[in-house]
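Student: I would like the atomic coordinates for the input below:
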Amino acid sequence: MNKTIPVDEELIDLAEFLRTFGDPTRLRILFLLRRRELGVQAISDELSLQQTTVSHQLKLLRHLRLVRYRKEGRGVFYRLNDDHIEQILEIGMQHIQEQV
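Tutor: Numbering: from 1, shown residues only. The predicted structure is shown next:
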């Protein structure tokens with residue numbers, strides 16, 4: 001394993017990526033999408049959030065490639081982008097639960 005410090009550009013990208021996990025609303029959306037693919041309305045209903053709030057958060061999550069979407073007719077459905085995101089959530093929860 002390479003133990004060198006990444007270059008500044010990589011560190012900036014990593015800091016932005018990790019900062020995304022610092023928001024409880026975004027985490028709730030990510031944990032919900034672990035279970036299944038959902039549309040904005042379903043996410044809003046499940047989490048009791050306004051659609052505009054969910055849409056704003058999903059835009060950020062898409063930008064950072066944490067979620068992906070597909071269009072079906074007029075609907076847009078979201079899911080986690082890949083297994084790495086689920087692993088990050090799982091490792092984070094394991095770490096938190098060890099602290100108890």
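Student: what mean pLDDT does the lengthiest helix in the chain get?
Tutor: With secondary structure taken from DSSP state H, the chain has its longest helix at helix 83-98. Mean per-residue pLDDT for helix 83-98: 94.
Student: roughly how far out does it sit from the chain middle?
Tutor: 12 Å (CA atoms, centre = their mean, to the nearest Å).
Student: one more: stretch 80-99?
Tutor: For stretch 80-99, the distance to the chain centre is 11 Å (CA atoms, centre = their mean).
Student: same check, this time on stretch 93-100
Tutor: The answer for stretch 93-100 is 19 Å, by CA atoms, centre = their mean.
Student: right, and F21 touches L27 too?
Tutor: Yes. Counting by CB atoms under 8 Å, L27 is a contact partner of F21 at 6.4 Å. C-beta: built from backbone N, CA, C; applies to glycine.
Student: for L61, grab the count of nearby residues.
Tutor: Using other CB atoms under 10 Å, L61 is surrounded by 23 other residues.
Student: how far away is it from G22?
Tutor: 13 Å (CB to CB, to the nearest Å).
Student: buried residues in the strand or helix carrying R34, which are they?
Tutor: Assigned by DSSP states H and E, R34 belongs to helix 24-35. For helix 24-35, a neighbour-count test (16 or more other CB atoms under 10 Å) marks 26, 28-30, 32-33 as buried.
Student: stretch 82-100 now?
Tutor: 85, 88-89.
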